[in-house]
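Asks: no FASTA, just this:
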DNA sequence: CTCTGATCATTA
DNA sequence: TAATGATCAGAG
């Protein structure tokens, strides 16, 4: 629907044009149907925003705005601006990990520049009435970068050493590893405790809600 | 199946 | 009620 934005300024300009509007108003402008609820099409809000802002990558494993190196994330918030959910980052690689460094990891690359679009998303509010907030571009500062790197290295070390099935969502301070699959029967290859190949649930990296809460507070003030 | 977009729903 | 583990839809 929208052309990809030429530069960051143009992207932010588009965000400001929709800030304050409801999802229903934006869907109407683009003549799109919103699902009755998110129980089935959980990703529809993100996909609507991708369309409106001109993201081009679809389901490919690369930033939403490749030319700008920017990743788009809608973030559901309550009336106080607190995140209601953790934020998915990317799938976790479980094999062929030799020599993979933080700097070249997908987590580091995707999080180098993230356009967060807050959406008021308390469950009591019908989807069409949910209001889009003021987007902001986040780049991790030195401290945030260090926290992310620490968690990533700890989690990856466990994966390399065959400890993936011991990893719980509670691991990590700001980054967590959780299932990322169609259901609990989906399987992918990984490394077992004895170094042998095993089948396990696919996992993804997520930013904990407490971390994104801090980013929102940093942006908008407590 | 893998990866994208995420939120749901049960547990602790 | 927050957090963890489970799940849904679409593109490729």
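Replies: Sure, I can see it. Treat the numbers as computed from the prediction; the structure is a model and nothing was measured.
Asks: quick check: residues of chain A near DNA strand C?
Replies: Residues of chain A found near DNA strand C (Cβ under 7 Å from any atom of the strand) are A:39-43, A:58-60, A:85-86, A:168-170, A:176, A:178-185, A:201, A:208-210. C-betas here are computed from N, CA, C, even on glycine.
Asks: which of these are buried? Put it as a PyMOL command.
Replies: A single PyMOL command suffices to select whichever of the residues of chain A next to DNA strand C are buried according to 16 or more other Cβ atoms under 10 Å:
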select buried, chain A and resi 86+176+178+180+201+208+209
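Asks: which ones among the residues of chain A next to DNA strand C map onto helices?
Replies: Judged by DSSP state H, helices contain the following of those: A:209-210.
Asks: what's the spacing between the longest helix anywhere in chain A and its chain's center?
Replies: When chain A is scanned for its longest helix (criterion: DSSP H), the result is helix A:142-160. Here the centre of helix A:142-160 is set off from its chain's centre by 17 Å, with Cα atoms, centre = their mean, to the nearest Å.
Asks: buried set for that helix?
Replies: A:144, A:147-149, A:151-152, A:154-156, A:158-160.
Asks: for the residues you listed, which one is nearest DNA strand B?
Replies: residue A:159 (13.1 Å; Cβ to the nearest atom of the strand).
Asks: now do the contacts for the closest one.
Replies: Going by Cβ atoms under 8 Å, 6 or more residues apart in numbering, residue A:159 touches A:92-94, A:97, A:167, A:190-191.
Asks: so what's it scoring on pLDDT?
Replies: Per-residue confidence (pLDDT) for residue A:159: 98.
Asks: could you do residue A:100 as well?
Replies: For residue A:100, pLDDT reads 96.
Asks: wouldn't residue A:18 be in contact with residue A:27 here?
Replies: No - Residue A:18 sits out of contact with residue A:27 when judged by Cβ atoms under 8 Å, with a separation of 11.0 Å.
Asks: distance-wise, check residue A:28 relative to DNA strand B.
Replies: The gap separating residue A:28 from DNA strand B is 20 Å, by Cβ to the nearest atom of the strand, to the nearest Å.
Asks: element containing that residue?
Replies: Taking DSSP states H and E as the criterion, residue A:28 maps to helix A:23-29.
Asks: identify all contacting residues around that helix.
Replies: Helix A:23-29 has contacts (Cβ under 8 Å, 6+ apart) with A:18, A:33-34, A:45, A:48, A:52, A:119, A:127-132.
Asks: make CSV out of the buried residues of helix A:142-160 and add distance to residue A:105.
Replies: What follows is the buried residues of helix A:142-160, written out as CSV (distance: Cβ to Cβ, whole Å):
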residue, distance to residue A:105
A:144, 15
A:147, 14
A:148, 10
A:149, 9
A:151, 11
A:152, 6
A:154, 13
A:155, 11
A:156, 8
A:158, 15
A:159, 12
A:160, 13
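Asks: now the residue sitting furthest away from the middle of chain A: which helix or strand?
Replies: Most distant from the centre of chain A: residue A:194, at 32.7 Å, with distances by Cα atoms, centre = their mean. Assessed by DSSP H and E, residue A:194 sits outside every helix and strand.
Asks: isn't it right up against residue A:162?
Replies: Yes - if you go by Cβ under 8 Å, residue A:194 and residue A:162 touch, sitting 6.8 Å apart.
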